[in-house]
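Participant: quick one, fold the following:
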Amino acid sequence: MRHDPMLAILTDLMRRVDGLAGQRGHLSVMRVQDEVDQIRHIARAFHLDAVEGLAATLASALSLHGLGPVVLSYLDLMRDAIAEDLPVADIVAVLPRASATVTPLRA
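Facilitator: As a prediction, this is how the structure comes out:
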């Protein structure tokens, strides 16, 4: 199996975001700010613009308001942005015949 460095970076970012979400209420504002800053630096280094932007905005919110419910919202958004860059396993699902006629909506 080939080692994919980007997969390792995305997995590390996901672990960091999930770790912050799991420790909510048990970390100081300074610790959360440090972790978010590390996430932002990693995202910037690997051109993960959506994650970097969300981390920067969360860092600003933390400096203005401290810890609060807004933190979890940003962590959820960062998790979603990271997940978008993760490769999807090639799984072939057998769809019922009725589902095969559904046309996806496009904007």
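Participant: how about the nearest residue to the most centrally placed residue in the chain, chain neighbours excluded?
Facilitator: Centrality entry for the chain: nearest residue to the mean C-alpha point is residue 79, 2.2 Å, by Cα atoms, centre = their mean. Of all residues not flanking residue 79 in the chain, residue 17 sits nearest, at 5.1 Å (Cβ to Cβ, 6 or more residues apart in numbering). Quick note: C-beta positions are derived from backbone N, CA and C, even for glycine.
Participant: what's around residue 16, how many residues?
Facilitator: 19 (other Cβ atoms under 10 Å).
Participant: that one reaches residue 40, doesn't it?
Facilitator: No. Using Cβ atoms under 8 Å, residue 16 is not in contact with residue 40, being 10.7 Å away.
Participant: and residue 16, what element?
Facilitator: helix 5-22 (DSSP states H and E).
Participant: ok, residue 65 - how many residues close by?
Facilitator: 11.
Participant: ok, it - contacts?
Facilitator: Residues counted as contacts of residue 65 (Cβ atoms under 8 Å, 6 or more residues apart in numbering): none.
Participant: what's the answer for residue 56, then?
Facilitator: Counted by Cβ under 8 Å, 6+ apart, residue 56 has contacts residue 40.
Participant: any low-confidence regions in this protein?
Facilitator: 1-2, 88-107 (pLDDT under 70).
Participant: quick one: stretch 18-35 to chain centroid distance?
Facilitator: 15 Å (Cα atoms, centre = their mean, to the nearest Å).
Participant: quick check: end-to-end length of that stretch?
Facilitator: Stretch 18-35 has an end-to-end distance of 11 Å (Cα to Cα, to the nearest Å).
Participant: mind starting the numbering at 50 from now?
Facilitator: Understood, numbering begins at 50; the last thing we discussed is stretch 67-84.
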